[in-house]
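Visitor: got a sequence here, can you model it:
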Amino acid sequence: MCYTSTNVDTQLMRPKEDELKLAGSRRVSAPERGGQPLAGQLQMLEFSTMNSSADLLEYAGGFQVLKEEELKVALPVVLGVICLVGLAGNTLVAAVLLHDFRQGKSSVVNGLILVLSATDLLVLLCCVPLRAVTYSKPSWSFGWLLCKSSDYFLQACLTAKSFTLAAVGHARYRHVANPKKYVHFKCQRVMALTCSICSLALLLPIPHWLFSTTKRSGRSTSCVLDIPASAANFMRAFGVAYPLAAYGVPVALTMTCYAKALLRSQPGSNRVPHRRHEARRSTVMLCGLSVAFAAMRLPDWVAWTWARQRESGAPVPPTALLVLAQVVVFANCALDPLVLLAVSQDIRDGLRKVWALASRGRARGSEDGQPGGEPAARKGTAPSLSTISARDDLGIFRELAHSIPPDIQHFWQDRKNAALTENNDPIPWECQENS
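Guide: Residues are numbered from 1 along each chain as shown. Modelled structure (predicted):
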């Protein structure tokens, strides 16, 4: 790169042979000594250093140098669709599971799936809109605090999701291995496990918070991961340990648990075929969620490891890989509730119940809100929920009637068929005295 002098007298520029060797085939020209003020030389040196090391900067808040105008429009639209679908699906799944908790029909696996849906909601609400805006703008415009916390929060949520799926796999294996012992739901166990997962997930990606900062170049600002030279060795070790702790070990544990659960649910002589089929189907569905997460998270880990383990001057991860990896990770948050709603019969049945309760609530509210009207109970019209309870009671009474012994039924039938003699005598005591 050639720089011109700012002096009034124009001076010729001549190449330096030692810089030519360091730059390879690229020719670099520099001003002569004394031909330029010291401040101008320092400014040019700083600018040259920034351009020569620009490939070493890693964007922490999303890729911010998209040159294609079509991508700047298409990516926010795609992320918006993912966000809407994921919010609707995860909200429905969370509503169904919360309704089951209130009815006392839950399990440890359902409690962990609720934690999984809550994690997906956090990613879709806090991370996806920020990345969509980042893709559409050429520079970072959200300030220093969001720069430090955006990538850290995303990594913490994804790590928590990885640990939660491992806990789901372990709980499913325990349920298949000993269903009578592990079927009882304990809220304290799920809460303690959730707190442990969140604490570990918040601790592991702390270096993302420490080294994320804003860099200003001219009029544009970028959110980058700026690693100082003193922390280079630490980040190289972190680049190996963090993927293993947050991805490799949980995925391996999850796959092992599901493999053992599927082997334990093989056909046996002392098991009911229908129940065994349902248990195996649920295990396969949960295993599919873990496999989908592992496969859709893999491109992001490839780009993450590539950027941290490459040598200086080595090729950087391509833009297409970085953008595709982030979009696929966000798409996984919308895929999980769709799989649960499509495959799980319990989730679909619970969704029908929640929808029925919501419809009754709206109908009752419309009846209570009529002008000059009275609530249905005051008019003598029982609410729909009471009607359902009365029908259930009627069926119970019929079952009790059929269970009465025959001799007792014959006794009460005789008393019922016996004709009552009318006694209209105004002085019955005289008849008793004469007799």
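
Visitor: quick one, strands of the stretch 1-150 of the chain?
Guide: For the stretch 1-150 of the chain, applying DSSP state E, counting those that start in this stretch gives strands covering 14-15, 29-30, 58-59.

Visitor: so who does the residue lying closest to Leu79 once chain neighbours are set aside touch?
Guide: Nearest residue to Leu79 in three dimensions, chain neighbours excluded: Ala132, at 4.2 Å (C-beta to C-beta, 6 or more residues apart in numbering). Glycine gets a C-beta too; all of them are placed from N, C-alpha and C. The neighbours of Ala132, taking C-beta atoms under 8 Å, 6 or more residues apart in numbering as the test, are Leu75, Pro76, Leu79, Gly80, Cys83.

Visitor: can you select the buried ones from those residues in PyMOL?
Guide: This is how PyMOL selects the buried members of the contacts of Ala132, with burial counted by 16 or more other C-beta atoms under 10 Å:
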select buried, resi 75+76+79+83
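
Visitor: you'd agree Leu87 is up against Leu122?
Guide: No: between Leu87 and Leu122 no contact is recorded; they are 11.1 Å apart, counting by C-beta atoms under 8 Å.

Visitor: what two of the contacts of Ala132 are the furthest from one another?
Guide: Across the contacts of Ala132, no pair lies farther apart than Leu75 and Cys83, at 12.3 Å, counting by C-beta to C-beta.

Visitor: so which residues of the stretch 151-300 of the chain form helices?
Guide: With DSSP state H, counting those that start in this stretch as the criterion, the stretch 151-300 of the chain has helices at 179-182, 187-203, 206-211, 232-243, 249-264, 273-309.

Visitor: what's the span of stretch 214-232, first residue to last?
Guide: Taking C-alpha to C-alpha, to the nearest Å as the measure, stretch 214-232 stretches 19 Å from start to finish.

Visitor: now that stretch: average pLDDT?
Guide: The pLDDT scores in stretch 214-232 average 85.

Visitor: residues making contact with that stretch?
Guide: With C-beta under 8 Å, 6+ apart as the test, stretch 214-232 has contacts from 50, 57-62, 64, 138-144, 147, 150-151, 208, 211-213, 235.

Visitor: also stretch 68-83?
Guide: So stretch 68-83 is contacted by 66, 124, 128-129, 131-133, 135-136, 323, 327, 330-331, 333-334 (C-beta under 8 Å, 6+ apart).

Visitor: show the buried residues in those.
Guide: For the contacts of stretch 68-83, a burial check counting by 16+ other C-beta under 10 Å picks out Leu66, Leu124, Val128, Arg131, Ala132, Tyr135, Val323, Val327, Phe330, Ala331, Cys333, Ala334.

Visitor: so the last one is in which element?
Guide: Assessed by DSSP states H and E, Ala334 sits inside helix 319-343.

Visitor: can you tell me the average pLDDT over that helix?
Guide: The pLDDT scores in helix 319-343 average 92.

Visitor: what helices and strands are in contact with that helix?
Guide: helix 69-103, helix 108-122, helix 128-136, helix 273-309, helix 345-368 (3 or more C-beta pairs under 8 Å, 6 or more residues apart in numbering; DSSP states H and E).

Visitor: of all the ones you listed, which lies closest to Gly169?
Guide: Of all the helices and strands packed on helix 319-343, helix 273-309 sits nearest to Gly169, with 6.2 Å by C-beta to C-beta.

Visitor: in that closest one, what's buried?
Guide: For helix 273-309, by 16+ other C-beta under 10 Å, it's 279-280, 282-283, 285-287, 289-290, 292-294, 296-297, 299-301, 303-304, 306-308.

Visitor: for that helix, which helices and strands make contact with it?
Guide: helix 143-177, helix 232-243, helix 249-264, helix 319-343.

Visitor: give me the angle between the second one and helix 273-309.
Guide: Put plainly, it is helix 232-243. Here helix 232-243 points in a direction 170 degrees away from that of helix 273-309 (axes from the mean of the first three to the mean of the last three C-alpha atoms, to 10 degrees).

Visitor: how many neighbours does the nearest residue to Cys187 once chain neighbours are set aside have?
Guide: Closest residue to Cys187 apart from its sequence neighbours, by C-beta to C-beta, 6+ apart: Gly111 at 7.4 Å. Neighbour count of Gly111, defined by other C-beta atoms under 10 Å: 24.

Visitor: do the one 10 residues further on as well
Guide: For Leu121, the count of nearby residues is 20 (other C-beta under 10 Å).

Visitor: Ile347 touches Val96, doesn't it?
Guide: Yes: look at Ile347 against Val96 with C-beta under 8 Å: they come within range, at 5.6 Å.

Visitor: of the two, who's got more company?
Guide: Val96 (27 against 21).

Visitor: gap between the closest residue to Pro129 other than its chain neighbours and Phe330?
Guide: Nearest residue to Pro129, sequence neighbours excluded (C-beta to C-beta, 6+ apart): Cys83, at 6.8 Å. Cys83 is 8 Å from Phe330, where distance means C-beta to C-beta, to the nearest Å.
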